[in-house]
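Student: The following block contains a protein sequence and its predicted model.
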Amino acid sequence: MNLFITIRFLDILDILLVAFLLYQLYMLIKGTVAFNIFIGLFVVYLFWMLIRALNMELLDTLMAQFLGVGVLALIVVFQPEIRRFLLLIGSNSQVNKLLRVDKLFSSDKYRTASEEQIRMMVKACESMARTKTGALIVIAQHSELREYVRTGEKINARISDALLETIFFKNTPLHDGAVIVIGNRIIAARCILPVTNKQDIDPNLGLRHRAAVGITEETDAVAIIVSEEKGKISIARAGHVQVNISQAELTKILEQVLHPSD
């Protein structure tokens, strides 16, 4: 009788991959309503395992039927999280380089922003922060955000600090909503963005911040927020918001997004 368990390298790799996927799942649903639903489903599954161990056939049959359609229910309930997970994989720079996807779908329609245009964006944000003018600027990366561009007014103008400040001036009809920037151009203004359902966001943050987190959850975009109440600049990336950033930090992030190195 062999009392030793044989563990192969593939078994260790299998465990590590499952652990990695579970960790990524936890990071995606942490702080959302989906996390509570996941805990509830896990408790139901443990209850079913207990029923099977006690050989309670009637309850076992009912629970098996319930969990049998659970896969479809999971797809419906966790649709936003599944989308974010697939987006995380598809927008990964290393994956794109490996598969050459960026070369396959790249377009010269919008060239990258110049250092001068980046400086003008930072200048506009600093000016609006001083005057406590609320603003929400979404910067596209791989996704062109077409479904969100359609909700606003198309502009298609080159980036300038004067134009950004004019758009978000309180008495203009375009100030309410988000501006979408693609490459070196302001594509649209007064765009409607999805609002996040996260529960762990600072309650002092307003609707602009929640919309910025929402768009960065749904896409690979980066969003800049200027607070109307406190006059602080924040930035949202990958579903997380960093508040009260400095001018130097904002410049560095914009250079990475709008003027990436080759």
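Tutor: Cool, got the structure. Model, not experiment: these values are computed from the prediction.
Student: Tell me the spacing between the closest residue to residue 217 other than its chain neighbours and residue 191.
Tutor: If the residues on either side of it in the chain are set aside, residue 217 comes closest to residue 239, at 4.1 Å by Cβ to Cβ, 6 or more residues apart in numbering. Every residue, glycine included, has its C-beta placed from N, CA and C. In this structure, residue 239 and residue 191 are 19 Å apart, going by Cβ to Cβ, to the nearest Å.
Student: Same drill for these two, tell me which one is more crowded.
Tutor: residue 191 (24 against 21; other Cβ atoms under 10 Å).
Student: dump the residue contacts of that one.
Tutor: Going by Cβ atoms under 8 Å, 6 or more residues apart in numbering, residue 191 touches 138, 148, 149, 151, 152, 177, 178, 179, 180.
Student: Would you write a ChimeraX line that selects the buried entries of these?
Tutor: Written as a ChimeraX command, the selection of buried residues from the contacts of residue 191, which uses 16 or more other Cβ atoms under 10 Å, is:
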select :138,148,149,152,177,178,179,180
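Student: Switch the contacts of residue 191 over to JSON lines; also include distance to residue 6, pLDDT and secondary structure.
Tutor: Rendered in JSON lines, the data for the contacts of residue 191 read as follows (distance: Cβ to Cβ, whole Å; pLDDT from 0 to 100; DSSP: H, G, I helix; E, B strand; the rest coil):
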{"residue": "138", "distance to residue 6": "53", "pLDDT": "94", "secondary structure": "strand"}
{"residue": "148", "distance to residue 6": "54", "pLDDT": "91", "secondary structure": "helix"}
{"residue": "149", "distance to residue 6": "57", "pLDDT": "92", "secondary structure": "helix"}
{"residue": "151", "distance to residue 6": "58", "pLDDT": "92", "secondary structure": "coil"}
{"residue": "152", "distance to residue 6": "61", "pLDDT": "92", "secondary structure": "coil"}
{"residue": "177", "distance to residue 6": "61", "pLDDT": "90", "secondary structure": "coil"}
{"residue": "178", "distance to residue 6": "57", "pLDDT": "94", "secondary structure": "strand"}
{"residue": "179", "distance to residue 6": "60", "pLDDT": "95", "secondary structure": "strand"}
{"residue": "180", "distance to residue 6": "56", "pLDDT": "94", "secondary structure": "strand"}
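Student: Could you export the contacts of residue 191 as JSON lines, including distance to residue 122?
Tutor: Converted to JSON lines, the contacts of residue 191 look like this (distance: Cβ to Cβ, whole Å):
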{"residue": "138", "distance to residue 122": "16"}
{"residue": "148", "distance to residue 122": "23"}
{"residue": "149", "distance to residue 122": "23"}
{"residue": "151", "distance to residue 122": "26"}
{"residue": "152", "distance to residue 122": "23"}
{"residue": "177", "distance to residue 122": "21"}
{"residue": "178", "distance to residue 122": "18"}
{"residue": "179", "distance to residue 122": "15"}
{"residue": "180", "distance to residue 122": "18"}
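Student: Sounds good, over and out.
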